[in-house]
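S.K.: Dropping a prediction and its sequence here:
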Amino acid sequence: MEFRMLSRSAAETEAIGETLGKLVVPPFVVALFGDLGSGKTTFVRGFAKGLGVPIEAVRSPSFTLVNQYEGRVKLYHIDLYRLDDISELIPLGFTDIMSEEDAVCVIEWAERGYLVLPDERLDIYFDHTDSENERWITFHPQGETAKAMIEAIL
Ligand SMILES: Nc1ncnc2c1ncn2[C@@H]1O[C@H](COP(=O)(O)OP(=O)(O)OP(=O)(O)O)[C@@H](O)[C@H]1O
Ligand SMILES: [Mg+2]
């Protein structure tokens, strides 16, 4: 199953994130793919908001690669842009974080950690268009829980 939609503004991308953030139940992993400036962090801001996290708290993790927020559940915001090598993910504890029962995980630059992503997850691809304020957002749910989430927002 694949579902693609056109976002016409940053606010729209944020709203899509918020809708999913309201629905998500831990444990769950959302993997975000796409180029610089394609809208991943914008999505995460909305997603966090939907989970009851104050939106001001949301910024891309830099040196630590992971931020933790407290909403109605725990949210880990991972950004693998600065990851040097995938072999670091296990010693840094990422595989443990992704399997925490009471947490939701959202991962920017998930392609850089592809090999250690759990089988059950929601993949979301962000693509630029010819228009500065439009992005294609493509959902690839992996597993039944993710599929049900996407069906719920259709
Ligand atoms: N439809 C849209 N959806 C999302 N962002 C948009 C859209 N239109 C314009 N933008 C702008 O594009 C930029 C997206 O930046 P954002 O930080 O979300 O990207 P990113 O994918 O996280 O990049 P990076 O890989 O650098 O972390 C923002 O400045 C946002 O305002
Ligand atoms: Mg980002």
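M.R.: Nice, I can see it. Ligands and ions are numbered 1, 2, ... in the order given.
S.K.: Residue numbers of this structure in contact with ligand 1?
M.R.: 7, 9-10, 12-13, 34, 36-42, 60, 81, 108, 126, 133-135 (C-beta under 6 Å from any ligand atom). C-beta: built from backbone N, CA, C; applies to glycine.
S.K.: Mark which of those residues are buried, thanks.
M.R.: Buried members of these, counted by 16 or more other C-beta atoms under 10 Å: 7, 12-13, 34, 38-42, 60, 108, 126, 134-135.
S.K.: farthest-separated two in these?
M.R.: Ser60 and Glu134 (22.1 Å; C-beta to C-beta).
S.K.: Now the closest residue to Gly34 other than its chain neighbours: phi and psi?
M.R.: Using C-beta to C-beta, 6 or more residues apart in numbering and skipping the chain neighbours, the partner closest in space to Gly34 is Phe126 (3.3 Å). Reported as degrees, to the nearest 10, the phi and psi values for Phe126 are phi -110, psi 130.
S.K.: where's Phe126 relative to ligand 2, distance?
M.R.: Between Phe126 and ligand 2 the distance is 10 Å, computed by C-beta to the ion, to the nearest Å.
S.K.: need the contact list for that residue.
M.R.: Taking C-beta atoms under 8 Å, 6 or more residues apart in numbering, we find Phe126 in contact with 32-35, 38-40, 43, 135-137.
S.K.: Reformat those residues as CSV; add pLDDT.
M.R.: Converted to CSV, these look like this (pLDDT from 0 to 100):
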residue, pLDDT
Leu32, 98
Phe33, 98
Gly34, 98
Asp35, 96
Ser38, 98
Gly39, 98
Lys40, 98
Phe43, 98
Arg135, 98
Trp136, 98
Ile137, 98
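S.K.: Which ones among these lie within strands?
M.R.: Secondary structure from DSSP state E places 32-34, 135-137 of the contacts of Phe126 in strands.
S.K.: Surely Val104 touches Leu51?
M.R.: Yes. Between Val104 and Leu51 there is a contact under C-beta atoms under 8 Å: 6.7 Å.
S.K.: Enumerate the residues of the protein near ligand 2.
M.R.: 40-41, 60, 108 (C-beta under 5 Å from the ion).
S.K.: Filter those down to just the ones in helices.
M.R.: In helices, defined here by DSSP state H, the members of the residues of the chain next to ligand 2 are 40-41.
S.K.: Spell out which helix or strand contains Glu14, please.
M.R.: helix 10-23 (DSSP states H and E).
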